[in-house]
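**Q** need coordinates for the following:
(one chain, ligands or ions: 2)
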Amino acid sequence: MSHNNRIITIANQKGGVGKTTTAINLATALAAIGEHVLIVDLDPQGNASTGLGIDRRDRAVSSYDLLMGTRSVDQTVLPTAVPNLSIVPSTMDLLGFEMEIAQQPDRVFRLKRALQEIALPYSYIILDCPPSFNLLTMNAMAAAQSVLVPLQCEFFALEGLSQLLETVNQVRQTVNPSLDIQGIVLTMFDARNNLAQQVVSDVRTYLGDKVYHTLIPRNVRVSEAPSYGKPAILYDLKCAGSQAYLQLASEVIQRERRRKAAA
Ligand SMILES: Nc1ncnc2c1ncn2[C@@H]1O[C@H](COP(=O)(O)OP(=O)(O)OP(=O)(O)O)[C@@H](O)[C@H]1O
Ligand SMILES: [Mg+2]
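**A** Ligands and ions are numbered 1, 2, ... in the order given. Alright, predicted model coming up:
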């Protein structure tokens, strides 16, 4: 079955590099531009759900139920304060998922099946992954058409990146031959830091036009926003971080147009 939604997974096995911040703010920016967007929170930490203001009491059903096959997307989805942006929240139940289905032959394809079950009314589906190559991340990579990689501008960034690209290759050879790299986005960039400048230039040399032109700056407003249950773009539209995420969304859309034109 073919659907018109673009499924992008936000992944990096390294913790704290800006995956969730990118998922929330890219999704919000895409919705602001007029796309219909769904976030699926696949991290037991539930940061994307919290950052979008979803109260824990409202998470009676979650991405866990989706993966277990006991609920469909329309039974788990919740609206957010952002028009055109919905979320399937997560709970700590996800911690049990890996053990509970480790023996099932279809364990990697649970999310893919759930997203294909019915035609979903979203032009973009954004998957927020935990910081590990576990079964949750593998479900995301099996379900997605592309991977968007947030990379923090720091010394070990490239090392982690080659591991990630290696994993994407393995996924291609096994569970998802058409998985593409959507792009690499450099996060928490601090222009006053010489090392950060060096990392940007190394990453661009190594990966060329896979790297988005947009640099996401380190910005205190971006880090404050989740504690108000709001995307940065709602919390402070004018701040440099929000503006960068809007710019990133327009780059993502441009890439999509080019990809569709080439197809
Ligand atoms: N551009 C930014 N400016 C300032 N702080 C940021 C920025 N991006 C992210 N942060 C902060 O850095 C921390 C890690 O970000 P985030 O939670 O998005 O990373 P993550 O990769 O999803 O982490 P995890 O691996 O734990 O899921 C958070 O406290 C977040 O608020
Ligand atoms: Mg996260």
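**Q** count of neighbours near Gly110?
**A** Quick fix: residue 110 is Arg, not Gly. Arg110 is flanked by 22 other residues according to other CB atoms under 10 Å. Placement of C-beta: from N, CA and C, glycine included.
**Q** check contacts around it.
**A** For Arg110, the residues meeting the contact criterion (CB atoms under 8 Å, 6 or more residues apart in numbering) are 66-69, 101, 139.
**Q** let's see 6 Å
**A** For Arg110, the contacting residues are 67, 139, by CB atoms under 6 Å, 6 or more residues apart in numbering.
**Q** before we move on, which element is it in?
**A** When secondary structure is defined using DSSP states H and E, the element that contains Arg110 is helix 110-116.
**Q** mind listing what's buried in that helix?
**A** Buried residues in helix 110-116, counted by 16 or more other CB atoms under 10 Å: 110-112, 114-116.
**Q** what's the burial count for Ala144?
**A** A count of nearby residues for Ala144, using other CB under 10 Å, gives 28.
**Q** gap between it and Leu115?
**A** Here Ala144 is placed at a distance of 9 Å from Leu115 (CB to CB, to the nearest Å).
**Q** against Asp128, how distant is the one residue in the stretch 151-263 of the chain that gets nearest to ligand 1?
**A** In the stretch 151-263 of the chain, no residue comes nearer to ligand 1 than Ser223, which is 3.5 Å away by CB to the nearest ligand atom. Computed with CB to CB, the distance linking Ser223 and Asp128 is 17 Å.
**Q** which of those two has more residues huddled nearby?
**A** Neighbour totals were compared for Ser223 and Asp128, and Asp128 leads with 29 against 13 (other CB under 10 Å).
**Q** the more buried one reaches Ala48, doesn't it?
**A** Yes - if you go by CB atoms under 6 Å, Asp128 and Ala48 touch, sitting 4.3 Å apart.
**Q** which parts of the stretch 1-150 of the chain sit against ligand 1?
**A** 15-21, 43, 47, 131 (CB under 6 Å from any ligand atom).
**Q** which members of the residues you listed are classed as buried?
**A** Among those, the ones that count as buried by 16+ other CB under 10 Å are 17-21, 43, 47, 131.
**Q** of these, which belong to helices?
**A** In helices, defined here by DSSP state H, the members of these are 19-21, 47.
**Q** among these, which ones lie close to ligand 2?
**A** By CB under 5 Å from the ion, the members of those lying near ligand 2 are 19-20, 47.
**Q** dump these into JSON lines; add pLDDT as well.
**A** Below are these laid out as JSON lines (pLDDT from 0 to 100):
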{"residue": "Lys19", "pLDDT": "98"}
{"residue": "Thr20", "pLDDT": "98"}
{"residue": "Asn47", "pLDDT": "98"}
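**Q** can you pull out the strands in this protein?
**A** In the chain, the strands defined using DSSP state E lie at 6-10, 37-41, 78-79, 85-88, 124-128, 146-152, 180-189, 211-217.
**Q** which residues in the stretch 101-250 of the chain form helices?
**A** Listed from the start of the chain, the stretch 101-250 of the chain has helices (DSSP state H, counting those that start in this stretch) covering 110-116, 135-143, 157-174, 194-207, 220-224, 232-235, 240-262.
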